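Engineer: here is the input, now give the coordinates:
(one chain, ligands or ions: 1)
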Amino acid sequence: MITIKTEGEIKVLREGGKILASVLGETASRAKPGVSAAELDVLAEKLIKEAGGEPSFKDYGGDSGNPFPGSLCFSVNDEVVHGIPSEGKILKEGDIVGLDLGLKYKGLFTDMAITVPVGRVGEKEMKIIETAKKSLNAGIAAAKDGAFIGDIGFAVQKYAESRGFSVVKKLVGHGVGYSVHEEPEIPNYGKKGTGARLKAGMVLALEPMINEGGDDVVLEKDGWTWRTKDGSLSAHFEHTIAVTKKGAEVMTIL
Ligand code: MG
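Structural biologist: The predicted structure follows:
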């Protein structure tokens, strides 16, 4: 079942989304050569707690016996999503890093990710970051009351492929708000007019993952980190949006 949030809940999600955008922006601004993943993880968690929230990814999946050990997902270069923010992961000049952060605020959940360059990066690094960001914007533009889930994936895939990239198909976006992951699944590919119909009050996390090479991804032995199968670069952007009569309202924005 796809839940519909009340106006009061949307208001809280808007507040939480603003906090999340601020925390993630501050964290991303510290992503420089020589900085470790663990440092940024500690910073993100501290900023979330100072703002009165809780990091919703920390200990996520504990029932499986392998809880996520940090607050911040930290995915470098060919890592697609869910990279673990360990001490030994140190950023280098020329890397790109995906930072994904979840917030629980006043009982409600928002989710956001960005990919940023570390120091000076090459042209292909800039191009994949820009493409992933714009493919998310294309997906957001397709989301409105009466549209279909498939319209979002169609828009994301069309833009990314037009720029010569592939979209990850094994991993998808999702509903969000009452919990970290809710129905529906939101693929980053698809056909217009297919899948569930969007209604005002639905809250969704759209999150294209764009690869330089093939779309296939593999899970590392740590049980969390997804990597491109062919070792090519990957970039990820995510916003939490609320579907409205007129279009989509982005929650995770300053
Ligand atoms: Mg997400």
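Engineer: give me the element the residue in the stretch 1-150 of the chain that the ion sits nearest to is part of.
Structural biologist: Using CB to the ion, the single residue of the stretch 1-150 of the chain nearest to the ion is residue 111, 4.1 Å away. (Each C-beta comes from the backbone N, C-alpha and C, glycine too.) Applying DSSP states H and E as the criterion places residue 111 in strand 108-117.
Engineer: how far does that strand sit from its chain's centre?
Structural biologist: Taking CA atoms, centre = their mean, to the nearest Å, one finds the center of strand 108-117 at 5 Å from the center of the full chain.
Engineer: what packs against it?
Structural biologist: With contacts taken as 3 or more CB pairs under 8 Å, 6 or more residues apart in numbering; DSSP states H and E, strand 108-117 sits against helix 7-29, strand 96-105, helix 123-142, strand 234-236, strand 239-243.
Engineer: what is the mean pLDDT for it?
Structural biologist: Taken as a whole, strand 108-117 has a mean pLDDT of 98.
Engineer: low-confidence ranges, the chain, go.
Structural biologist: Across the chain, nothing is flagged by pLDDT under 70.
Engineer: if we go to 90?
Structural biologist: Along the chain, segments meeting pLDDT under 90 span 62-64.
Engineer: what residues does it have near the ion?
Structural biologist: Contact residues, the chain versus the ion (CB under 5 Å from the ion): 111, 205, 207.
Engineer: can you lay out those residues as JSON lines showing distance to residue 231?
Structural biologist: Formatted as JSON lines, those follow (distance: CB to CB, whole Å):
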{"residue": "111", "distance to residue 231": "27"}
{"residue": "205", "distance to residue 231": "27"}
{"residue": "207", "distance to residue 231": "22"}
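Engineer: so the residue of the stretch 151-254 of the chain found nearest the ion is in which element?
Structural biologist: The ion sits closest to residue 205 of the stretch 151-254 of the chain, with a gap of 4.3 Å, by CB to the ion. Taking DSSP H and E as the definition, one finds residue 205 inside strand 203-206.
Engineer: contact partners for residue 220?
Structural biologist: Shown in contact with residue 220 (CB atoms under 8 Å, 6 or more residues apart in numbering): 226, 227.
Engineer: ok, and the most crowded of the residues of the chain next to the ion?
Structural biologist: Within the residues of the chain next to the ion, most neighbours by other CB atoms under 10 Å means residue 111, with 28 neighbours.
Engineer: contacting residues for that one?
Structural biologist: With CB under 8 Å, 6+ apart, residue 111 has these contacts: 20, 56, 100-103, 176, 180, 205, 207, 238, 240, 252.
Engineer: do residue 43 as well
Structural biologist: Residue 43 neighbours (CB under 8 Å, 6+ apart): 26, 27, 30.
Engineer: wouldn't residue 20 be in contact with residue 253 here?
Structural biologist: No. Using CB atoms under 8 Å, residue 20 makes no contact with residue 253, being 9.4 Å away.
Engineer: what about the residue lying closest to residue 14 once chain neighbours are set aside, neighbour count?
Structural biologist: Among residues not flanking residue 14 along the chain, residue 251 sits closest, at 5.5 Å (CB to CB, 6 or more residues apart in numbering). Other residues lying near residue 251 total 28 when counted by other CB under 10 Å.
Engineer: who are the contact partners of the closest residue to residue 6 other than its chain neighbours?
Structural biologist: In this structure, residue 6 finds its nearest non-sequential neighbour in residue 201, 7.4 Å apart by CB to CB, 6+ apart. By CB under 8 Å, 6+ apart, the contact set of residue 201 is 4, 5, 6, 10, 242, 243.
Engineer: go again with 10 Å.
Structural biologist: The contact partners of residue 201, taken as CB atoms under 10 Å, 6 or more residues apart in numbering, are 2-7, 9-10, 145, 177, 242-245.
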